[in-house]
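Chemist: please find the sequence and the predicted model below.
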Number of protein chains: 2
Amino acid sequence: MKSIRVIQYGLGPIGCNTARAIMEKKGLELVGAIDIAPDKAGKDLGEVLGLSDKLKIPVSADAAQLFRKTKAHVVAHTTQSSFKVVYGQLETAAIAGLCVVSSTEELLVPSLRNPELASKLDRLARKQGVAMLGTGVNPGFVMDTLALVLTGVCTKVRGIKITRRVDASTRRMPLQRKVGAGMTAAEFRKLVRQGKLGHVGLLESMYLVAAGLGWEITRHQEKIEPVLAEATQTTAYFTVQPGDVCGIKHTCSGISHGRKVLDLDLQMYLGAPEPQDSVEIDGEPPIKMIIHGGVAGDIATVASLVNAIPLILNVSPGLKTMLDMPILRAFQAV
Amino acid sequence: MKSIRVIQYGLGPIGCNTARAIMEKKGLELVGAIDIAPDKAGKDLGEVLGLSDKLKIPVSADAAQLFRKTKAHVVAHTTQSSFKVVYGQLETAAIAGLCVVSSTEELLVPSLRNPELASKLDRLARKQGVAMLGTGVNPGFVMDTLALVLTGVCTKVRGIKITRRVDASTRRMPLQRKVGAGMTAAEFRKLVRQGKLGHVGLLESMYLVAAGLGWEITRHQEKIEPVLAEATQTTAYFTVQPGDVCGIKHTCSGISHGRKVLDLDLQMYLGAPEPQDSVEIDGEPPIKMIIHGGVAGDIATVASLVNAIPLILNVSPGLKTMLDMPILRAFQAV
């Protein structure tokens, strides 16, 4: 099996872990890296990843130039959440004839918020003969793809309830901060009103499930609420006083012609009991699935990106979603 | 959306339920039916299905003729378990230019027991521009595809344990008989030696998972054992004495270069406690999934066949496996 040559685009925590996973995977070869941060661009990738050896891969700040100079097949893209913001990055990759697997949350259903950009990128990708995909664990797996897979053995589906409950105290500090832990309830609500708090991609998950089932969502309801600490909670990083925020409850319902058919409930807070991912299908047959402990977020996102790499080279060109892909599975896994 | 025209091939219990599900599904149109049984061939399909109205679809015993006369797109095929036995039926469909979704258990990994027939059918299907797929719930979903889907969020997989435990007392009589309930242990073991007892497709499930992960299974171990009744057990159909067989435990392990990597454990017996489907992945991250109550067998097999119909028309021609397919999901589900 000839190696697939991969360029890592974005060297935040997820990007660095993706780079490491690519290096460990037989069949993949890491041949380039991109990041515009002044403390990363120009350095050797080994240094940025905190390895003891240099990798002789200089981190480039100029994607177009790197794509021109480096023979590669796929870009692993982990920069930002907004499709609009990353559009230019994806365009550059397509023009260079490179396939892309991306963790950009809005790419899960690119047409949801940016239908015109989605058509434009799809046309470009087809013209260039490359395929592009947004995936990850959430969105991308636990609250969407996995639920769809389970409906595959149902003749009828009347409704689906999907829950993810994460104990944020076991997660790294940026996540604890991201869910609002340590804020007052008033600060939390203010950030929600400003659109600065909430899980990016929950709406995408809901619309991916609806699209997969052929359901027309005529209306949706989204709610972002703080979970308040009942007692003092101390994490490895900070302390939360009783009455202050220890995390978030973000829910989303999909209504199809007056009937609620989808219910997504994401809870991420310090000390959440019995963390789990669950899917409950009101259908024939009914299905009640639980992943006890839940799927660990960061490593799972890295895994879905890496596991998508061999598959993205074998689908027809265009801007794809998880509905177009063969089953993502681990490869060269041991 | 134009209707997909479907012919139902095989009118046993699964076939009849598949025909009913096709009739209920918007977007599908049932246009023909085949069965060679003298009590079915020649009758109107409505009568065979036990409906009050005729369907004006005469059940045909001559597949080739029906395929020639009836304009159709897909055959839903539910006749027998052995690829070798059904080969001619599939060939006839391919020659007529029809795609096939089949419940034939050995078709899950057609090359496992019949590599030459598999290549031959694949070549024919490509030449004729049609796609063919074996699927179902077990094999086809709970002990193979679902496990593979879960590995999609793992960077490493060291091993997988898959368990299905079915309380046979809740199932129809043929299944209760099929698992050996009511036999003496000696009768059970004799039938196992004759190859007449055991779940067809367990080995296929294991090899599908291995193929999906790129694992080479260098050796496998299969065991078929009776589960003996501890007390008298009475079902809706018969009574089992203590010490006699109340069901089956069929296990299969896959060894890759000296290391056990796959463990499949299928238990189907009267009164089995906590029926469930579970997948346990020793990987990064580790994953422990349970479907409480398990996925109901017969209706789920019907569902996977019906749900595969729209997808089979959109994949490239050839003899496919679940590894080649987009995610099977319910469609026109409510």
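Modeler: Thanks, I have the structure now. Residues are numbered from 1 along each chain as shown, chains lettered A, B, ... in the order given.

Chemist: residue numbers of the stretch 201-334 of chain A in contact with chain B?
Modeler: A:212-215, A:256, A:261, A:283-293, A:295-296, A:299-304, A:306-307, A:322-334 (Cβ under 8 Å from any Cβ of the partner chain). In this view, the C-beta of every residue, glycine as well, is placed from N, C-alpha and C.

Chemist: give me the buried entries from these.
Modeler: A:212-215, A:256, A:261, A:283-285, A:287-291, A:293, A:295-296, A:299-304, A:306-307, A:322-323, A:325-334 (16 or more other Cβ atoms under 10 Å in any protein chain shown).

Chemist: does the worst-scoring helix or strand of chain A on mean pLDDT reach chain B?
Modeler: Across the helices and strands of chain A, mean pLDDT, DSSP states H and E gives its lowest value to helix A:173-178, namely a mean of 86. No. Judged by Cβ under 8 Å from any Cβ, helix A:173-178 and chain B are separated, with a smallest distance of 15.1 Å.

Chemist: okay, buried residues for that helix please.
Modeler: Those would be A:175-176, A:178, for helix A:173-178 by 16+ other Cβ under 10 Å.

Chemist: and those, which is closest to residue A:65?
Modeler: residue A:178 (33.2 Å; Cβ to Cβ).

Chemist: centre of the chain to stretch A:282-296, how far?
Modeler: Remark: stretch A:282-296 is offset 20 Å from the chain centroid, using Cα atoms, centre = their mean, to the nearest Å.

Chemist: circling back: in strands, which of the buried ones among the residues of the stretch 201-334 of chain A next to chain B fall?
Modeler: A:256, A:261, A:283-284, A:287-291 (DSSP state E).

Chemist: domain assignment for chain A?
Modeler: Segmentation of chain A into domains, based on automatic domain parsing, reads A:4-136+A:299-320, A:145-294.

Chemist: residue B:193 is nearest to which of the ones you listed?
Modeler: So among the domains of chain A, domain A:145-294 is nearest, using Cβ to Cβ, at 33.4 Å.

Chemist: give me the number of residues near the residue nearest to residue A:105 when sequence neighbours are not counted?
Modeler: Distances taken as Cβ to Cβ, 6 or more residues apart in numbering or on different chains place residue A:201 nearest to residue A:105, at 3.6 Å, with adjacent residues excluded. The tally of other residues near residue A:201 (other Cβ atoms under 10 Å in any protein chain shown) stands at 25.

Chemist: who touches residue A:201 in this structure?
Modeler: A:81, A:105-106, A:108, A:136, A:138-140 (Cβ atoms under 8 Å, 6 or more residues apart in numbering or on different chains).

Chemist: Three-state assignment for residue A:253, please.
Modeler: What DSSP: H, G, I helix; E, B strand; the rest coil gives for residue A:253 is strand.

Chemist: tell me the predicted confidence for the nearest residue to it once chain neighbours are set aside.
Modeler: Ranked by Cβ to Cβ, 6+ apart and with sequence neighbours excluded, the top spatial neighbour of residue A:253 is residue A:221, at 4.7 Å. At residue A:221, the model reports a pLDDT of 97.

Chemist: ok, residue A:221 to residue A:215 distance?
Modeler: 16 Å (Cβ to Cβ, to the nearest Å).

Chemist: repeat that for residue A:222.
Modeler: 17 Å.

Chemist: same deal with residue A:179?
Modeler: Residue A:179 is 29 Å from residue A:215, by Cβ to Cβ.

Chemist: could you do residue A:315 as well?
Modeler: Relative to residue A:215, and taking Cβ to Cβ, residue A:315 is found at 24 Å.

Chemist: which two of the ones in strands among the buried ones among the residues of the stretch 201-334 of chain A next to chain B have the greatest separation?
Modeler: A:256 and A:291 (26.8 Å).

Chemist: sorry, back to before: tabulate the contacts of residue A:201 (JSON lines), appending pLDDT.
Modeler: Below are those laid out as JSON lines (pLDDT from 0 to 100):
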{"residue": "A:81", "pLDDT": "95"}
{"residue": "A:105", "pLDDT": "97"}
{"residue": "A:106", "pLDDT": "98"}
{"residue": "A:108", "pLDDT": "98"}
{"residue": "A:136", "pLDDT": "97"}
{"residue": "A:138", "pLDDT": "96"}
{"residue": "A:139", "pLDDT": "97"}
{"residue": "A:140", "pLDDT": "98"}
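
Chemist: of those, grab the buried ones for ChimeraX.
Modeler: Here is the ChimeraX command that selects the buried residues among these (16+ other Cβ under 10 Å):
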select /A:105,106,108,136,138,139,140
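
Chemist: now for the contacts of residue A:201: which two are most distant?
Modeler: Largest pairwise distance in the contacts of residue A:201, by Cβ to Cβ, is 13.5 Å, between A:106 and A:138.

Chemist: still on that earlier bit, quick check, nearest of the buried residues of helix A:173-178 to chain B?
Modeler: For those, the residue nearest chain B by Cβ to the nearest Cβ is residue A:175; the value is 15.1 Å.

Chemist: what residues does the stretch 51-200 of chain A put near chain B?
Modeler: Residues of the stretch 51-200 of chain A lying near chain B (Cβ under 8 Å from any Cβ): A:137, A:141-142, A:145-146, A:148-158.

Chemist: so which of the residues you listed is the most crowded?
Modeler: residue A:153 (33 neighbours).

Chemist: just checking, that residue touches residue B:137?
Modeler: Yes. Using Cβ atoms under 8 Å, residue A:153 is in contact with residue B:137, at 5.5 Å.
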